[in-house]
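Enquirer: only geometry, no sequence info:
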């Protein structure tokens, strides 16, 4: 019997190649989309799952408030891990980490490395990064020790055993000899901690002192029991109140620390990542919804085509029932046809997903491999999805066909009005999904365009950024002079950071109010050429001079330093002055940073547009970390070659490595850009699937009305009137879908845009454009079949009458 059912199913599918093909292609595209998005979602959800002690590890973040301004940062001072370990018995051990750029030299080999992580000796006790060579207890237990990742070890030593050998490393000061003590597996892609070289924290001068402030370090704690995280968190605020005097933390001012379970950091933390940008749970929901919606569109196509062909299958069902076939047997046969289609589609989906995986990797900024689909648990899940899709796509049509009454069917009394209404509802549903994705794609892309085109208050175009170390600082005057010999070089400046994202935090107060608390402010160390290099606008006062920089860096001692500060408009307002009133006013930034305001710059965006512009102060110091070179951009390749020659002649021990400022700016919006690309691609796929189903349905409907069309043409109907007749019902459904989708899309995108302090307005024309696109696409799809039917010779269609 099963063999007979299988034979009937195959014959029926083969006899109706067009509709079978539409179903297979639709389901294949839907399943392939799900496979790709599932890969991305599971990767994001699996962050740090490989850490065996993850349920006992907590990341420590710092929270502080000054004068009503609260901030949370992922860094802490050096004191948190050792002091908490001494004070709280719940803590087994702790690790401090900091990532540094640097130069690594091995003989003639020299590379610029971006991921040199300094770590305490307990690193391998907390984390499950497996050492291939070396002793995890002693690998980082001393100064000037380094553990290499497997890839880094091959880069510097080939197939040789590197343990016991030396590397020369410069992370901002001067070259030191480090002894290689081990080789560790490369970091998994789903690890929030990323490194290429692990160096001992004891090497740093900061390891010799313990400070609550100077927050530059990521801190992780290993607790004795998983349940201790919440218990310890409750004790931290009270303990921190005992660490400061009433003068330091008066009124609403405070400093405390928050503990985040390791596995929740990547997707759930409201504090930025320490080593790489956090993920966003919102985007996981978005991508999961897109995958589900696209698969539903494919299933809707199957249901629509199957129920629309119910009349053709009705006589088959009637005859088989008269011959004794039971309802459950008929149901099983039609579900069997669905299983066959789904199985073919599943195989094709795997093939499609494999072929498009390189493109998806580019789209998602990840490096996925097809091997993940062939793990036993994923194959089982894939099989389960196939069964579910078979039931969803084939269940309703099978139920409808199996319940036909043979007497009524064989007499020709078959009513399908209910099924027709259901098909219309499904068309509305799938085009509502398509309209929602079109509207969302347009709004995401509009917001990204807004970010790119919004005036930032500084110039990011054609600004080259080069790393600065001790050697560069010593030769900064010569380097500037040599660079300016190129006609393409407009300005050169050194600063502690680029203006794209300023991390430095300081305290600031009016000097005539020494009893007042310091106000929290972002700060940037600059030289006399910074404002001209990045194109900031002065709204009052005069720019810095070389003399101002020299006065702030007095050679006879810090107590003789005198600063000329340049705050932004928000900082001046915070102090209670207008820009003009602020000029010449004395302010104090703590320590030996005392002086007067020399100028005020217009507010500019020095962080993501998800944050409002806050108080900022620029001050002259030579503690720079980045060299900024403003170019005209007219002869870029030749200028880069010229700069590299000058760099090599003056800084021979450091490779000429650079990045453009606009590239750094784009990194702030990696998640949004990725979302925009994925939205665009999968919105197109949803349109394709919806049109595929509409094409099949219109083809069948047109075929059913062939004789009607012939009669109308004989009676004088024009091609245009016939196309309108066949198209109008479908277009009405598409218009209804747009009306239903628009408020849902408006609400969803309003929620997404709330994350941005600076954002676009949701204009009516976006919905109008999306509606026109949806209607136009649907009209083209339906018109193809309608025009073909309208141009047909009526003699052929009426010959049988």
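Expert: The structure has been received and is ready for your questions. Bear in mind the structure is a predicted one, so any value in this text is a computation, not a measurement.
Enquirer: Report all helices and strands that the helix or strand residue 339 falls within contacts.
Expert: If you go by DSSP states H and E, residue 339 is part of helix 327-364. The contact analysis (3 or more CB pairs under 8 Å, 6 or more residues apart in numbering; DSSP states H and E) places helix 327-364 against helix 2-15, helix 17-45, helix 281-308, helix 310-322, helix 376-402, helix 670-704. C-beta here means a position set from N, CA and C on the backbone, and glycine is covered the same way.
Enquirer: Mean pLDDT per helix and strand in the protein: which one sits at the bottom?
Expert: Ranking every helix and strand in the chain by mean pLDDT, DSSP states H and E puts helix 406-410 at the bottom, with a mean of 54.
Enquirer: Report the separation between residue 74 and residue 215.
Expert: 9 Å (CB to CB, to the nearest Å).
Enquirer: now residue 680
Expert: Taken as CB to CB, the span from residue 680 to residue 215 is 40 Å.
Enquirer: who's more crowded, these two?
Expert: For residue 680 and residue 215, the more surrounded residue by other CB atoms under 10 Å is residue 215, and the numbers stand at 20 against 17.
Enquirer: Who are the contact partners of the residue lying closest to that one once chain neighbours are set aside?
Expert: Leaving aside its sequence neighbours, residue 215 sits nearest to residue 75 (CB to CB, 6 or more residues apart in numbering; 4.3 Å). Residue 75 makes contact with 62, 215-218, 274, according to CB atoms under 8 Å, 6 or more residues apart in numbering.
Enquirer: Recalculate using a threshold of 10 Å.
Expert: 60-62, 97-98, 214-219, 271-272, 274, 503, 505 (CB atoms under 10 Å, 6 or more residues apart in numbering).
Enquirer: Got phi/psi on it?
Expert: phi -100, psi 160 (degrees, to the nearest 10).
Enquirer: how many neighbours does residue 684 have?
Expert: Counted with other CB under 10 Å, residue 684 comes out at 14.
Enquirer: shouldn't it be in contact with residue 290?
Expert: No. Residue 684 is not in contact with residue 290 according to CB atoms under 10 Å; the separation is 11.7 Å.
Enquirer: What residue spans form the domains of the protein?
Expert: Following automatic domain parsing, the chain resolves into domains at 1-46+280-412, 54-268, 416-455+667-801, 463-666.
Enquirer: can you give me how far the longest strand seen in the chain is from the chain middle?
Expert: Ranked by residue count under DSSP state E, the longest strand found in the chain is strand 91-106. A distance of 26 Å separates the centroid of the chain from that of strand 91-106, by CA atoms, centre = their mean, to the nearest Å.
Enquirer: what lines up beside it in the sheet?
Expert: As defined by DSSP bridges, the strand partners of strand 91-106 come to strand 109-119 (antiparallel), strand 166-170 (antiparallel), strand 218-223 (antiparallel).
Enquirer: Give me the residues contacting the second one.
Expert: Contacts with strand 166-170, where a contact means CB under 10 Å, 6+ apart, come from 100-107, 109-110, 113, 116, 144, 146, 148, 152, 156-157, 174-180, 197, 199, 203, 469-471, 653-654.
Enquirer: What's the PyMOL line that selects buried ones from the residues you listed?
Expert: This is the PyMOL syntax for the buried subset of those, where burial follows 16 or more other CB atoms under 10 Å:
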select buried, resi 100+101+102+103+104+105+106+113+116+146+148+152+156+157+175+178+180+197+199+203+469+471+654
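Enquirer: Distance of the residue most central in space within the chain relative to residue 282?
Expert: Geometric centre of the chain, nearest residue: residue 671, 2.3 Å, by CA atoms, centre = their mean. Distance, residue 671 to residue 282, by CB to CB: 9 Å.
Enquirer: where in the stretch 151-300 of the chain is pLDDT low?
Expert: Within the stretch 151-300 of the chain, the stretches with pLDDT under 70 are 245-251.
Enquirer: show me what contacts the nearest residue to residue 130 once chain neighbours are set aside?
Expert: Distance criterion CB to CB, 6+ apart; nearest residue to residue 130, sequence neighbours excluded, is residue 185 at 5.0 Å. By CB under 10 Å, 6+ apart, residue 185 lies in contact with 128-132, 149-151.
Enquirer: Make TSV out of those residues and add neighbour count and secondary structure.
Expert: Output for these, formatted as TSV (neighbours: other CB atoms under 10 Å; DSSP: H, G, I helix; E, B strand; the rest coil):
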residue	neighbour count	secondary structure
128	15	coil
129	21	coil
130	10	coil
131	15	strand
132	13	strand
149	21	strand
150	13	helix
151	12	helix
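Enquirer: measure stretch 132-150 end to end?
Expert: Distance across stretch 132-150, first residue to last, is 8 Å (CA to CA, to the nearest Å).
Enquirer: Can you tell me the SS state at the nearest residue to residue 745 once chain neighbours are set aside?
Expert: Leaving aside its sequence neighbours, residue 745 sits nearest to residue 439 (CB to CB, 6+ apart; 3.9 Å). Here residue 439 is helix, with the state taken from DSSP: H, G, I helix; E, B strand; the rest coil.
Enquirer: Quick check: residue 439 touching residue 765?
Expert: No. Residue 439 is not in contact with residue 765 according to CB under 10 Å; the separation is 11.2 Å.
Enquirer: Quick check on those two: which one has the bigger neighbour count.
Expert: residue 439 (27 against 9).
Enquirer: Could you check how far that one is from residue 473?
Expert: On the measure of CB to CB, residue 439 and residue 473 end up 52 Å apart.
Enquirer: what does residue 282 give?
Expert: Taken as CB to CB, the span from residue 282 to residue 473 is 43 Å.
Enquirer: ok, now residue 390?
Expert: In terms of CB to CB, residue 390 sits 68 Å off from residue 473.
Enquirer: between the two, which one's more packed in?
Expert: Taking other CB under 10 Å, residue 390 and residue 473 do not tie; residue 390 has more neighbours (25 against 16).
Enquirer: Quick check, that one in contact with residue 344.
Expert: No. Under the criterion of CB under 10 Å, residue 390 makes no contact with residue 344, lying 11.4 Å away.
Enquirer: what's the overlap in contacts for these two?
Expert: The contact lists of residue 390 and residue 344 share residue 27, where a contact means CB under 10 Å, 6+ apart.
Enquirer: SS state for residue 506?
Expert: Going by three-state DSSP: residue 506 is strand.
Enquirer: With adjacent residues omitted, what lies nearest to it?
Expert: Leaving aside its chain neighbours, residue 506 sits nearest to residue 523 (4.0 Å; criterion: CB to CB, 6+ apart).
Enquirer: Please name the bridge partners of that neighbour.
Expert: Beta-bridge partners, per DSSP bridges, of residue 523: residue 617.
Enquirer: Of the contacts of residue 75, which pair is most distant in space?
Expert: Largest separation among the contacts of residue 75 by CB to CB: 97 and 505, giving 19.4 Å.
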